[in-house]
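Visitor: Quick one: sequence and predicted model below, then my questions.
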Amino acid sequence: MTQHNMQHDRELWELLDRTETGLTPQQCLRLTTLIGESIMSVCHRDAILCKAMDPTLSQRQFMAIIQAPADAKTARIVTDIVTTAYNATTRQIRAIMHGRADDMTAIIMDAAQQALPARAQCLAVIAYLQWMQGLTDEAETAAIMALNIDADITLATTILTAIHHGLHSTRS
């Protein structure tokens with residue numbers, strides 16, 4: 001990985017980390033740009049989703065998801081985050097996300113408007129975040145929009161499959 005890419009990824013984590021305390025308009029724009037530039041990488045997409053689901057995800061863990069996704073330690077990090085979120089009640093998952101999912105959804109939606117090649121992947125991430133919060137109608141709409149742009153977006157297909165089989169990420 002080049003020094004430029006590492007700086008890019010560190011900046012991405014730092015801005016994602018600041019979404020909890022608030023971003024300036026300039027920081028929001030920069031985060032939108034960074035997401036648009038990197039979301040086509042499945043490793044980046046997964047790191048962004050993990051940071052949205054777990055605000056305590058460290059920079060080291062974030063970087064591991066991007067740089068060493070097949071590593072057993074990295075797989076354990078991702079598994080723990082997804083399992084915790086999946087097993088949480090709706091109230092718990094919303095508390096864990098501290099309302100960040102709405103902020104992240106807005107930022108990623110902005111990225112989708114600016115980054116045409118990445119639009120489908122952005123919509124799939126939005127679908128996942130909405131599904132994680134129990135917003136199945138909104139998640140289904142976003143997933144369908146993603147697949148209408150690019151039928152090969154597996155995350156969107158996964159979300160639609162889960163919804164159509166009655167699987168919910170959260171319990172009331």
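Guide: On my side now, so go ahead. Note that the structure is a prediction, hence the values are computed from the model and not measured.

Visitor: gap between the residue nearest in space to the middle of the chain and Q26?
Guide: For the chain, the residue nearest the mean C-alpha position is L49 (2.5 Å; C-alpha atoms, centre = their mean). Remark: distance between L49 and Q26 (C-beta to C-beta, to the nearest Å) = 24 Å. For the C-beta atoms, the positions are set from N, CA and C on the backbone; glycine is no exception.

Visitor: next one: M40
Guide: 24 Å.

Visitor: And A111, by the same measure?
Guide: Going from A111 to Q26 by C-beta to C-beta gives 15 Å.

Visitor: How about D17?
Guide: Separation of D17 from Q26 (C-beta to C-beta) stands at 16 Å.

Visitor: With neighbour numbers in mind, choose between those two.
Guide: For the pair D17 and Q26, the greater number of neighbours falls to D17 (16 against 8), based on other C-beta atoms under 10 Å.

Visitor: what's the more buried one in contact with, if anything?
Guide: K51, P55, Q59 (C-beta atoms under 8 Å, 6 or more residues apart in numbering).

Visitor: Pull the number of nearby residues for the second one.
Guide: Right, the one you point to is P55. Neighbours of P55 (other C-beta under 10 Å): 14.

Visitor: Quick one: the helices in this structure, in order.
Guide: Taking DSSP state H as the criterion, the chain contains helices spanning 3-18, 25-38, 42-53, 59-67, 72-87, 90-97, 100-114, 119-132, 136-149, 154-164.

Visitor: if you compare those helices, which one is most tucked away?
Guide: Greatest average neighbour count among these goes to helix 119-132 (a mean of 26), per mean count of other C-beta atoms under 10 Å.

Visitor: so that one versus helix 72-87, what angle?
Guide: 50 degrees (axes from the mean of the first three to the mean of the last three C-alpha atoms, to 10 degrees).

Visitor: Export helix 119-132 to PDB, keeping only CA atoms.
Guide: C-alpha atoms of helix 119-132 as PDB (Å, rounded to 0.1, in the frame of the first residue of the first chain):
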ATOM      1  CA  ARG A 119     -23.400   5.300  -6.800                       C
ATOM      2  CA  ALA A 120     -24.600   1.700  -6.700                       C
ATOM      3  CA  GLN A 121     -22.200   0.700  -3.900                       C
ATOM      4  CA  CYS A 122     -23.200   3.800  -1.900                       C
ATOM      5  CA  LEU A 123     -26.800   2.800  -2.200                       C
ATOM      6  CA  ALA A 124     -26.000  -0.700  -1.100                       C
ATOM      7  CA  VAL A 125     -24.300   0.700   2.000                       C
ATOM      8  CA  ILE A 126     -27.300   2.900   2.700                       C
ATOM      9  CA  ALA A 127     -29.600  -0.200   2.300                       C
ATOM     10  CA  TYR A 128     -27.400  -2.100   4.800                       C
ATOM     11  CA  LEU A 129     -27.400   0.800   7.400                       C
ATOM     12  CA  GLN A 130     -31.200   1.100   7.100                       C
ATOM     13  CA  TRP A 131     -31.700  -2.600   7.400                       C
ATOM     14  CA  MET A 132     -29.500  -2.700  10.500                       C
END
